[in-house]
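Novice: sequence plus predicted model, see below.
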Amino acid sequence: MMDDTWSDVMNGTTIFTNVTTISPNVTTLSPNTTTVSPDCDTTPAFVGYIAAAVAVLCYGTNFAPVKKFETGDGMFFQWIVCSAILLSGMVLQLVRHSTFYPIVMVGGVLWETGNIMVVPVIKTIGLGLGLCIWGMVNLLSGWATGRFGLFGITKEVPDYPVMNYVGVGVAVSSAVVFSFVKSTVKAPSDSNTSDQDAESDALISSTFGNPNDSLYSTASGQEDLLFNRPTKSINGIRGESPDDTPLDRLSPSMKRFVGILLSVISGLLYGQIFTPTLYVQSNSQLYPSASKNGLDYVFACFCGIYLSSTVYFCIYALIRKNQPRVYPRVIVPGIISGIMWAAATSSWFVANKILSEPVAFPIITTLPSVVASTLGIFVFKEIRGKRNILILLLGFCMAGSGAVLAGLSKHGKQCHH
């Protein structure tokens, strides 16, 4: 009996020793999963590319539902869109029951703060130059954050860094090429809405601020459509000319300086929407139970977008002495647009996790311009002329090449158990 008991004890010790031996291996694997998460992600890479494709398609078309509706100065429109974004996040939260990390809301606040700067940018330097600047800065901001591990997140190095650098460079250059495309906004036959619909076309491609959402409107002279229009009756609602602002009183050189500065700041903020999420995922010692699935952070990010959007809209209403410009007809189209934007951004969260930011950012910040421009040619008939088509083809080639190079630079390694 003593021998049996001693044997059991020895067996238990042996088992305990084996568990102890295995445990460090598990501990060793865990940091690898956190430190180089894309390398050790067991999700197939093609899922990440599918998510990126969904994001590209939705970003490139999400303003189409609002195209023919008045959006005014954009403040009411962006608040409706952000409300739809929050509703989409709530549905996802009901499905996933994710842990809520308040720090993730910061990403949404940063994005919405950059979005608010778009109208002043359009007013000072126009959409063409503004789009080019904030688009390039957005791409570089998000890409560099993931590639070099800025702000306390994990550094993500692709298998082929040089290929990734070239892809980013080509993608950035394509933004410059697209800025030279001039589109023609067709005025509706209804004389009561012609100026406002032209303004709506301009705002649709700029109000919500994502640098790749559309190239629907004329880049040159667009600020005249946006901010210097006569008073008209729109759908039974009396319109009014915008109040003179400090921006209107700046000298041309100062306007250009302010516009470029705001474009750079806006792009920097856009590029940081995912940084708080990656920070949580990268610091397991601070957030030991943090999920590695990007979808678990969508709701918190969307809450940040909605709350900051509401605060900005309230400030706007106070500045307007409780008389904000409200356009009821944009509500339903704005909700549809917001849902599409939410789907695109949720897909981007997934793509970031599977492909990594250095790979996903060049793809998703570049290709929506191709989708939007294609709509401008074949659906809305706004981009015409041999010169414009040739410029677009060059832009398409550059954007596609940059996206392909960034995609091919993806690390294809699997976890080593």
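Specialist: Happy to help now that I have it.
Novice: surely residue 315 is in a helix?
Specialist: Yes: counting by DSSP: H, G, I helix; E, B strand; the rest coil, residue 315 falls inside a helix.
Novice: where's it relative to residue 107, distance?
Specialist: Using Cβ to Cβ, to the nearest Å, residue 315 is found at 21 Å from residue 107. Glycine gets a C-beta too; all of them are placed from N, C-alpha and C.
Novice: neighbour count winner among those two?
Specialist: residue 107 (24 against 12; other Cβ atoms under 10 Å).
Novice: and the helix or strand hosting residue 143, what does it pack onto?
Specialist: Take DSSP states H and E as the rule and residue 143 turns out to sit in helix 118-148. Helix 118-148 is packed against helix 161-178, helix 222-227, helix 252-270, helix 275-282, helix 357-364, with contacts defined by 3 or more Cβ pairs under 8 Å, 6 or more residues apart in numbering; DSSP states H and E.
Novice: got the buried residues for the fourth one?
Specialist: This points to helix 275-282. If you call a residue buried by 16 or more other Cβ atoms under 10 Å, then helix 275-282 has these buried ones: 275, 276, 277, 278, 279, 280, 281, 282.
Novice: swap in the longest one?
Specialist: By neighbour count, with 16+ other Cβ under 10 Å as the criterion, the buried positions of helix 252-270 are 255, 258-260, 262-270.
Novice: and what of the last one?
Specialist: Neighbour counts using 16+ other Cβ under 10 Å place 357, 358, 359, 360, 361, 362, 363, 364 of helix 357-364 among the buried residues.
Novice: confidence score at the fifth one?
Specialist: Reading off the confidence values, residue 361 has pLDDT 89.
Novice: in contact with it, which residues?
Specialist: Taking Cβ atoms under 8 Å, 6 or more residues apart in numbering, we find residue 361 in contact with 139, 142, 143, 146, 271, 406.
Novice: the first one contacts residue 365, correct?
Specialist: This means residue 139. Yes: between residue 139 and residue 365 there is a contact at 4.4 Å, judged by Cβ atoms under 8 Å.
Novice: neighbour count for these two, which is higher?
Specialist: residue 365 (34 against 26).
Novice: how far does the helix holding residue 143 sit from the chain's center?
Specialist: Chain-centre distance of helix 118-148: 11 Å, with Cα atoms, centre = their mean, to the nearest Å.
Novice: and that helix, what's its mean pLDDT?
Specialist: pLDDT averaged over helix 118-148 gives 81.
Novice: how far off helix 357-364 does it point, in degrees?
Specialist: 140 degrees (axes from the mean of the first three to the mean of the last three Cα atoms, to 10 degrees).
Novice: what comes up buried for helix 118-148?
Specialist: 118-147.
Novice: where does pLDDT dip in the stretch 251-400 of the chain?
Specialist: Along the stretch 251-400 of the chain, the parts satisfying pLDDT under 70 run over 382-383.
Novice: low-confidence ranges in the stretch 101-250 of the chain?
Specialist: Ranges of the stretch 101-250 of the chain meeting pLDDT under 70: 127-129, 183-245.
Novice: okay if I get the contacts of residue 361 as TSV plus distance to residue 164?
Specialist: Output for the contacts of residue 361, formatted as TSV (distance: Cβ to Cβ, whole Å):
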residue	distance to residue 164
139	12
142	13
143	8
146	11
271	16
406	6
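Novice: and of those, the nearest to residue 348?
Specialist: Residue 348 has its nearest neighbour among these in residue 142, at 9.7 Å by Cβ to Cβ.
Novice: among the helices and strands packed on helix 118-148, which is nearest residue 49?
Specialist: That would be helix 357-364 among the helices and strands packed on helix 118-148, by Cβ to Cβ, at 8.3 Å.
Novice: just how off-centre is the closest one within its chain?
Specialist: Per Cα atoms, centre = their mean, the centroid offset for helix 357-364 relative to its chain is 11 Å.
Novice: what angle do it and helix 275-282 make?
Specialist: 150 degrees.
Novice: what helix or strand is residue 331 on?
Specialist: Secondary structure (DSSP H and E) places residue 331 in helix 331-355.
Novice: what's the closest of the contacts of residue 361 to residue 166?
Specialist: Comparing the contacts of residue 361 against residue 166 with Cβ to Cβ places residue 406 closest, at 8.9 Å.
Novice: now the strands for the stretch 1-150 of the chain?
Specialist: Counting by DSSP state E, counting those that start in this stretch, one finds no strands in the stretch 1-150 of the chain.
Novice: and the helices in it?
Specialist: 2-35, 45-61, 75-96, 105-116, 118-148 (DSSP state H, counting those that start in this stretch).
Novice: could you save the buried residues of helix 275-282 as CSV and add columns showing distance to residue 164?
Specialist: Formatted as CSV, those follow (distance: Cβ to Cβ, whole Å):
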residue, distance to residue 164
275, 19
276, 24
277, 21
278, 17
279, 22
280, 25
281, 21
282, 20
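Novice: nearest to residue 299, of those?
Specialist: The closest of the buried residues of helix 275-282, once distances to residue 299 are taken by Cβ to Cβ, is residue 277, at 11.2 Å.
Novice: great, nothing more from me.
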